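1. Prediction below, plus the sequence it came from.
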Amino acid sequence: MKNMPYPFDDELTYSVIARAKARFCYSSPKGWNKLIFNRRSIISTVEFPSNLSLLAKQFEFAPVLEHELIYLHTLFPLYAPFIPEHRRQQCIKWMKNKSNGGIHVASGKVASRLPQLSKIRFCPACLKEQLIKYGEPFWQRIHQVVGVGSCTLHKVELLTANYCQSKTHRHEFYPANQSLCDVESKTVNSDNDIRVYQQIQKLLTRPESESPSYDQWTAFYKELIKSHGCNKGNYVYYDAIKERLLAKWSYEWLKQYNLHHIDGQSSWVHGLTRKHRKSFSYLEHIIILDSFLEDGWSINDVIDHVLLIIPSRANVKQKHYKNSIAENIRCLKLFWLKNLKSMGTKKARKTCAGSTYMKLYRQQRDWLLNINKRYQRPIEYENTRVDWQKRDKSFVKELVRIRNRSESDLSLPWISKKWYINQLPTPSSIEKRLAKLPLTNKFLNRYAETITEYQVRRIAKVTIENDVMNVPLWILLRKAGLSKERMTKTTEKLMRFAWGLNYKI
């Protein structure tokens, strides 16, 4: 594409697409996605955009590589060093092509305890400087990082752009507005934000490299804790770690990012300082490392050091069998078969043969699954924790109230089943259990808006807002977001009836 704007330093790919949309004066979000990505269903994602290989092809005069977009204009560098190498490669593959949301799960963002940002943040002073330097403002990458609550360059609190409703309009890319430059922000001078900002800046500018393994992180933290005297022999002395942590980071600041639960055995501090069985966020690593290391430390130096660690053989599981392997497997099969015939699969696993099941699953998986099918028993279980009939009635009453409130509002989005469900307090649980909610399901089937009804409502809204006698019909159709390809036959018949039988779509 000619005249495609090139990304500025520390600019999000989301912002590049939004600036291009504003330059080309494109009003249709899905039409713009079709033009850039050749797909109408692209979701405007701030952290981990996908289809970057298609976006890279839009820069004609100077090539921009996909890896440059990933590591210089997304938030992926914050997560890459802390996930396994095979998962990092998979995430990069998803970002280049279509991900279907898989990268948000694989990177650990979905399961992270850090609060999620629902709106784009900005610093008014930074936008003003961008306007002077580049002639237009843009969304900066570091302002969208959870853990950075203020702009350390201008010592002001980061504000949220309220018009960027990503959840309501999932396909829309919103550019930075010049009016935001004049918004006043509260002055903030936080030492915690400064320390986090310095390490975040280093992570965002870190070149692409291999990710350390869980064993390497485990060995590093074990040596770090031991060198600072926070151990009791081979065990970790958590009271000493907690004392160091709270000496550097205030409890209120930790609570702001949902990291204040540090006392329990299942807390993130216990998990991070023990054997790593899962990934931890960049902010958790920064907090622990800053509590141990001296001022002036660099997280990039730590990652480079962890990559050089060779895990000891003590961390690698080794299996030893007293008897020969064949004899051992035969004994395991006989023991499992005896319990399977008497109790069934589930009960045998729960009571006496759980370890036998796991050993056979690792070594004789096909035999185990086949024998389990042969002696399969039906499981009689009834979940009585929830009164689904009572819950069904309460959902229907709430849906009726929602329908009465929204019936006369022509500006609402498509009132589909999904829209009704999202208005309820627990949408995910309802969507998965509609079979247990017959009244709710019947309401959704009866009152959910069809595509034709939605198109007619959009035409009615535009017709009421405009003088149909003086405005050309094609303008009304464009304002309604309709075209010949997406218009249903019933809508077309209604248009012919309303504007004359000789009217051609």
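-> It's in.

2. going forward, measure contacts between C-alpha atoms and count neighbours the same way
-> Noted.

3. what's the nearest residue to Val64 if we skip its chain neighbours?
-> Ala56 (5.6 Å; C-alpha to C-alpha, 6 or more residues apart in numbering).

4. Measure how buried the one you found is and give me the count.
-> Burial of Ala56 is recorded as 17 neighbouring residues (other C-alpha atoms under 10 Å).

5. Repeat that for Phe48.
-> 24.

6. May I have the phi/psi pair for it?
-> phi -130, psi 80 (degrees, to the nearest 10).

7. Which residues are in contact with it?
-> Thr74, Leu75, Phe76, Met95, Ile103, His104 (C-alpha atoms under 8 Å, 6 or more residues apart in numbering).

8. again, 7 Å this time
-> Taking C-alpha atoms under 7 Å, 6 or more residues apart in numbering, we find Phe48 in contact with Thr74, Leu75, Phe76, Met95.

9. Closest one of those residues to Val236?
-> Within the contacts of Phe48, the smallest distance to Val236 is 31.6 Å, found for Phe76 (C-alpha to C-alpha).

10. re the thing from before, could you measure the residue nearest to Val64 against Glu243, distance?
-> For Ala56, the distance to Glu243 (C-alpha to C-alpha, to the nearest Å) stands at 48 Å.

11. Now restrict the contacts of Phe48 to buried residues only.
-> Thr74, Leu75, Phe76, Met95 (16 or more other C-alpha atoms under 10 Å).

12. Next step: the residues you listed restricted to helices.
-> Met95 (DSSP state H).

13. Return the closest of the buried ones among the contacts of Phe48 with respect to Pro137.
-> Closest to Pro137 out of the buried ones among the contacts of Phe48 is Thr74 (17.5 Å), distances taken as C-alpha to C-alpha.

14. For Arg121, what are phi and psi?
-> Per degrees, to the nearest 10, the backbone of Arg121 is at phi -110, psi 160.

15. Would you check how far apart the closest residue to it other than its chain neighbours and Ser179 are?
-> Spatial nearest neighbour of Arg121, chain neighbours left out: Thr160 (4.3 Å); criterion: C-alpha to C-alpha, 6+ apart. According to C-alpha to C-alpha, Thr160 stands 13 Å off from Ser179.

16. How about the contacts made by Trp217?
-> Contacts for Trp217 (C-alpha under 7 Å, 6+ apart) come out as Val306.

17. Dump the C-alpha coordinates for the helix or strand where it lies into PDB.
-> Trp217 belongs to helix 214-227 when assigned by DSSP states H and E. Output of helix 214-227 as PDB, limited to C-alpha atoms (Å, rounded to 0.1, in the frame of the first residue of the first chain):
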ATOM      1  CA  TYR A 214      12.300 -23.700  33.700                       C
ATOM      2  CA  ASP A 215      15.300 -25.700  35.000                       C
ATOM      3  CA  GLN A 216      17.700 -22.700  34.400                       C
ATOM      4  CA  TRP A 217      15.400 -20.300  36.200                       C
ATOM      5  CA  THR A 218      15.100 -22.800  39.100                       C
ATOM      6  CA  ALA A 219      18.900 -23.100  39.400                       C
ATOM      7  CA  PHE A 220      19.400 -19.300  39.200                       C
ATOM      8  CA  TYR A 221      16.900 -18.500  42.000                       C
ATOM      9  CA  LYS A 222      18.200 -21.300  44.100                       C
ATOM     10  CA  GLU A 223      21.800 -19.900  43.900                       C
ATOM     11  CA  LEU A 224      20.500 -16.300  44.300                       C
ATOM     12  CA  ILE A 225      18.600 -17.100  47.500                       C
ATOM     13  CA  LYS A 226      21.500 -19.100  48.900                       C
ATOM     14  CA  SER A 227      24.100 -16.400  48.200                       C
END
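
18. residues contacting Val306?
-> Pro212, Gln216, Trp217, Phe220.
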